[in-house]
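Participant: only the shape, not the letters, is given here:
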């Protein structure tokens, strides 16, 4: 699973492109994933995670220590 957010778990979703003539072809909506480096005081080191724009807002709101604790509880590797 290459293109997903490690914080929110968001993955690409799939659907159809619909042209003017109503012809349908498959497409996918990718998640806005960025590689971001955070200093985690509880670990005493930097971590680099793949995080979406919504995940960055979640980290800003809850704090990196809380988010890292939640990720570890889920078994996420970083």
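Facilitator: Perfect, I can see it now. Because the structure is a prediction, the values reported are computed rather than measured.
Participant: for the protein, just list every one of the strands.
Facilitator: Counting by DSSP state E, residue ranges of the strands within the chain are 13-18, 24-29, 33-40, 45-52.
Participant: most tightly packed of those strands?
Facilitator: For the strands of the chain, average neighbour numbers computed from mean count of other CB atoms under 10 Å are highest in strand 45-52, which has a mean of 16. All C-beta spots, glycine's among them, are computed from the backbone N, C-alpha and C.
Participant: tell me what angle it forms with strand 33-40.
Facilitator: When axes from the mean of the first three to the mean of the last three CA atoms, to 10 degrees is applied, the directions of strand 45-52 and strand 33-40 differ by 150 degrees.
Participant: which strands border strand 45-52, and is each parallel or antiparallel?
Facilitator: Within its sheet, strand 45-52 is paired with strand 33-40 (antiparallel), according to DSSP bridges.
Participant: show residues contacting stretch 60-74.
Facilitator: Stretch 60-74 has contacts (CB atoms under 8 Å, 6 or more residues apart in numbering) with 6-7, 38-43, 47, 49, 58-59, 78.
Participant: check stretch 14-22 too.
Facilitator: Stretch 14-22 has contacts (CB under 8 Å, 6+ apart) with 24, 25, 26, 27, 28, 29.
Participant: and that stretch, how far apart are its ends?
Facilitator: End-to-end distance for stretch 14-22, by CA to CA, to the nearest Å: 17 Å.
Participant: which residues touch the nearest residue to residue 7 once chain neighbours are set aside?
Facilitator: Excluding the flanking residues, the one nearest residue 7 by CB to CB, 6 or more residues apart in numbering is residue 55, at 3.4 Å. By CB under 8 Å, 6+ apart, the contact set of residue 55 is 5, 6, 7, 8, 10.
Participant: any idea which of those residues has the most stuff around it?
Facilitator: Most neighbours among these, by other CB atoms under 10 Å: residue 7, with 24 neighbours.
Participant: now for it: which residues touch it?
Facilitator: Residues near residue 7 by CB under 8 Å, 6+ apart: 49, 51, 52, 55, 58, 59, 67, 71.
Participant: what pLDDT does the model give the third one?
Facilitator: Same thing as residue 52. You'll see residue 52 listed with a pLDDT of 97.
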